[in-house]
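Novice: any chance you can model this:
(chains A and B)
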Amino acid sequence: MSKAPQKPRGTQDMIGEAAARFDHVIETFNRVRKLHGFGRVEVPVFEATAVFARSLGETTDVVSKEMYEFTDRGGDAMCLRPEFTAGIARAYIENGWQQHAPLKLAAWGPLFRYERPQKGRFRQFHQLDAEILGAGEPAADVEVIALGQHLLDELGVAGDVVVTLNSMGDPATRAAWSAAVAAHFAAHRGDLSEDSQRRLEANPLRILDSKDARDQALVADAPQIDAYFTAEAGAFFESLQKGLQASGIAWTRNARLVRGLDYYRHSVFEFVTQSLGAQGTVLGGGRYDGLIGHMGGPDTPAVGWAAGIERLAMLVAEPELPVVDVAVIPEHPSVELEAVRLVGALRRAGFSVFSSFKGNAKRRFEVAKKVSPVWQLSVLPGSQGLVWVDLKRFGSSVEIDRLVAERILQSVPGFRWQTDLDPPAHKLRASYQSI
RNA sequence: GCGACUGUAGCUCAGUUGGUUAGAGCGCCGGUUUGUGGUACCGGAGGUCGCGGGUUCAAGCCCCGUCAGUCGCCCCA
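Specialist: So this is what the prediction gives:
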């Protein structure tokens, strides 16, 4: 037992319902993002460490203590991606994708962060990602948020989720506001929690969403960003709100919503649920106009979000079991190969077919029972090379719709059926010549 | 990185104040039965009680360490 290999901490193995939930989230995302015109983008799972270190900010927790870093065999510093945006930005610059701007892109896949695992938080986790690169208009923010809202609607979880919105303004706004917030908290340094005293040095804005009771009073009368908006920043936020209203998206202003990563400007938003405990943010993002320029590319406005697949998968209703149309059961060893032939033909005709590999008819029936097939096709040997089949409702003797049953058999290519003219009500009996 | 709780068959769990060969249900395998099949019954396999150390005549139960999970902090999707 102790010698058997164990999965790395914070990773998951999934089959059955868990995997089906995961799958459902991704399938829904792919369907919805196509409706919104977001094309697929593929970027590597690992990158040069500098891609993330420079874009996220050296001091952020993600970079300073959560990245899976390694030196490859060529001696280069690499890391597993802790997020999507920086890699997509790198690809945008490297491949000259500005020629396609504005570019609407979607991605999903695994990300890696060395964190303490808990509910909804893993070391290998998975996100959906949507970005619009090369569009500085608030209408782009509206589109990206609308995609998120539509996704949650389609997943049937929107009722659990609140859209919270804030603006961090343009660089001038953010700098002035951030300085005022820092000064405010610095003046009451002694009353802050230990965590927040540390934040005061690293990232003062983060104190605004502290959960510590000691910080709450000070947070309540911290300076609000609205007073620091430049004319442009104020107009941008105004216009964003109007756009959201026109899209029919309900949101709540959270003036204390900030982002940990350095590159955010203007819009920040989070889709939050109460049903997942401490890891309640299900989707989060914002505008990051400064990033691509900062990474050495052309100045390029951009906006996007990422959503946690595991977290969404926990919220969605139990997915329905896949429908199995037919279970094919050979009633005798001599017709096993005929059953194989029928299984293949039925599948090519578009039916979902259950087949088993061994056992007598009773045993195979028992095994098939687990997937609740709609129909049962029993295969029996007849005389003179004839093969008989009985098509009936699985495990039941209810009367069948003979026309439907005949249509099933007729749609299977490569067989010429002879149906019994005087059949019992609960099954269709037919035969064909084996070749 | 910090704190709390948990860890017994494939799964969900029970195991009395430490005391003889560690149990149940489900699942699995085999068989019997039933109105040609979602029934009932019988039997079987499967556990070095997460791992390592300690206390004790005796440890699944107590202590220490370690690994993993859960919840919160932190961080974030």
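
Novice: how about the helices of the stretch 251-400 of chain A, start to end?
Specialist: Assigned by DSSP state H, counting those that start in this stretch, the stretch 251-400 of chain A shows helices spanning A:291-294, A:309-315, A:336-348, A:361-369.

Novice: the stretch 51-200 of chain A too?
Specialist: A:61-65, A:85-94, A:138-155, A:171-186, A:194-202.

Novice: can I get the ones you listed in CSV with mean pLDDT?
Specialist: Below are the helices of the stretch 51-200 of chain A laid out as CSV (pLDDT from 0 to 100):
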stretch, mean pLDDT
helix A:61-65, 79
helix A:85-94, 96
helix A:138-155, 96
helix A:171-186, 89
helix A:194-202, 82
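
Novice: these: which one's closest to A:P102?
Specialist: helix A:138-155 (6.8 Å; Cβ to Cβ). Every C-beta, even on glycine, is put in place using the N, C-alpha and C of the backbone.

Novice: return the set of buried residues in the closest one.
Specialist: For helix A:138-155, burial by neighbour count (16 or more other Cβ atoms under 10 Å) applies to A:138, A:140-152, A:155.

Novice: and if you look at stretch A:32-47?
Specialist: A:V32, A:R33, A:H36, A:F38, A:V41, A:V43, A:F46, A:E47.

Novice: try stretch A:6-22
Specialist: Per 16+ other Cβ under 10 Å, stretch A:6-22 contains these buried residues: A:G10, A:A20, A:R21, A:F22.

Novice: contacts only, for the first one.
Specialist: I take that to be A:G10. A:E115, A:P117, A:R121, A:F122, A:R123, A:Q124 (Cβ atoms under 8 Å, 6 or more residues apart in numbering).

Novice: go again with 7 Å.
Specialist: For A:G10, the contacting residues are A:P117, A:F122, A:R123, A:Q124, by Cβ atoms under 7 Å, 6 or more residues apart in numbering.

Novice: so what's it closest to, chain neighbours aside?
Specialist: A:R123 (3.1 Å; Cβ to Cβ, 6 or more residues apart in numbering).

Novice: what does the last one give?
Specialist: Across the structure, with Cβ to Cβ, 6+ apart as the measure, the residue nearest A:F22 apart from its sequence neighbours is A:A313 (5.1 Å).

Novice: what's the burial count for that neighbour?
Specialist: For A:A313, the count of nearby residues is 23 (other Cβ atoms under 10 Å).

Novice: which residues sit against the least confident helix or strand in chain A by mean pLDDT?
Specialist: The helix or strand of chain A with the poorest confidence is helix A:61-65; it has a mean of 79 (mean pLDDT, DSSP states H and E). Residues outside helix A:61-65 that contact it (Cβ under 7 Å, 6+ apart) are A:F52, A:A53, A:L56, A:G57, A:E58, A:P82, A:R113.
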